[in-house]
Every structure is written in structure tokens, then in C-alpha cells.
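Student: here you go, sequence then predicted model.
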Amino acid sequence: MQDQPQGARSPDDRAASAAGKSRALDDLYSLVYEELRRLASFVRRNEVSATLSTTALVHEAWLKLKDSPPVASNSLSHFKAIAARAMRQVLVDEALQELERLNPRQAQMVANRFFGGLTAAEISEQLGVSESVIDRDWRAAKAWLAGRIRPGKE
């Protein structure tokens, strides 16, 4: 058997550590599940257009969180804040996917402008349309998304 450098971890040690972190996150999820359901219920009440059930929203948020074991070492309030953000991301993703089905150019423009930081001029060049079309699409997409994400709060 080869000697390992001091402080080096074997593959078995790394696997055990990863399994321990995963168990810790599962334990934390079990502890806060009802709180997450309450939070998801509140989020859904404020997002009347949301098509996911409370349980589905909790589970979708969990899927976003489960591969982030360092989250398990944070405080309960920090975990709930991160879970709430994940739920919001699920709802925003759902709205953006719907916009993409309805108007692919607007969805691409929103992604490029909001997430990519491109200017209207850069997007117009990329999409091959005038800046005035981009400006009009931006106003329309913002209004549509606001109505989907925050109905009645425009």
C-alpha cells in the first residue's frame, strides 16, 4: 500500500465527506420542509399566474439547491433566504420559458439585455433588427413579464 502525503485524502475519504454533506443537506431540508411549503404558499399567493403547485415549487427549488452542499452549513434563516431565491428563480424561469414560446425574439432580447448586459445597439446588430424594434420589444417584454411575475402590481 502506498503512503499518502500528510493531509491528502483518499477517494474513500472524499466520498464519505461528500456523502456526509449530502446527508446534512437532506437533514436540513427535512427540518425546514414545512417552512418551505409555507413560504412557497406565500410566493404562489403573490404569483397568481404560477402554474406550479406549492409542493412542485418546493421540489423544484430543492432541485436547484440539492447540489450545493455548502448551503447545509449555513444558518436556518440563511438557508430559507436561499430557498426563497431559488423559488423565485423557478417562477422567473417558468415566465421566461412562456415568453420564449410566445415571442422568441423578445425572450432572446431579454436574456441578452438583462442577463448578458448588452445594449440595445448590440442586440439590434445581433438580431438584425432596428434599435427602435429592440426598444419596443423591451417595453413589451418588461410589461408582459411583470404581469406574469407580479400580476396586479404594475
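Tutor: Yep, that arrived.
Student: care to break the chain down by domain?
Tutor: 11-90, 103-154 (automatic domain parsing).
Student: what sits against L36?
Tutor: Listed by CB atoms under 8 Å, 6 or more residues apart in numbering, the contact partners of L36 are Y29, V58, A61, W62, K80, A83. From N, CA and C alone the C-beta is placed, and that goes for glycine too.
Student: same thing with S130?
Tutor: Contacts of S130 (CB under 8 Å, 6+ apart): S124.
Student: W138 too?
Tutor: M109, V110, R113, A120.
Student: what about the helices in this structure?
Tutor: 11-46, 54-65, 76-102, 104-110, 120-127, 131-149 (DSSP state H).
Student: any idea how far A141 is from the residue positioned nearest the centre of the chain?
Tutor: Geometric centre of the chain, nearest residue: Q89, 3.0 Å, by CA atoms, centre = their mean. According to CB to CB, to the nearest Å, Q89 and A141 sit 18 Å apart.
Student: repeat that for Q108.
Tutor: With distances taken as CB to CB, Q108 is found 10 Å from A141.
Student: looking at these two, which is more packed in?
Tutor: Ranked by neighbour count (other CB atoms under 10 Å), Q108 and A141 place A141 first, with 21 against 17.
Student: how close does the more buried one get to A107?
Tutor: Taking CB to CB, one finds A141 at 8 Å from A107.
Student: how near is E34 to L102?
Tutor: Counting by CB to CB - E34 and L102 are separated by 36 Å.
Student: re earlier: show me which of the contacts of W138 is closest to L127.
Tutor: The shortest approach to L127 among those belongs to M109, at 6.8 Å (CB to CB).
Student: the closest one: how many residues sit nearby?
Tutor: By other CB under 10 Å, the residues close to M109 number 26.
Student: what's the answer for the one 5 residues further on, then?
Tutor: A count of nearby residues for F114, using other CB under 10 Å, gives 14.
Student: contacting residues for it?
Tutor: Counted by CB under 8 Å, 6+ apart, F114 has zero contacts.
Student: if anything else comes up later, I'll come back, but that's it for now.
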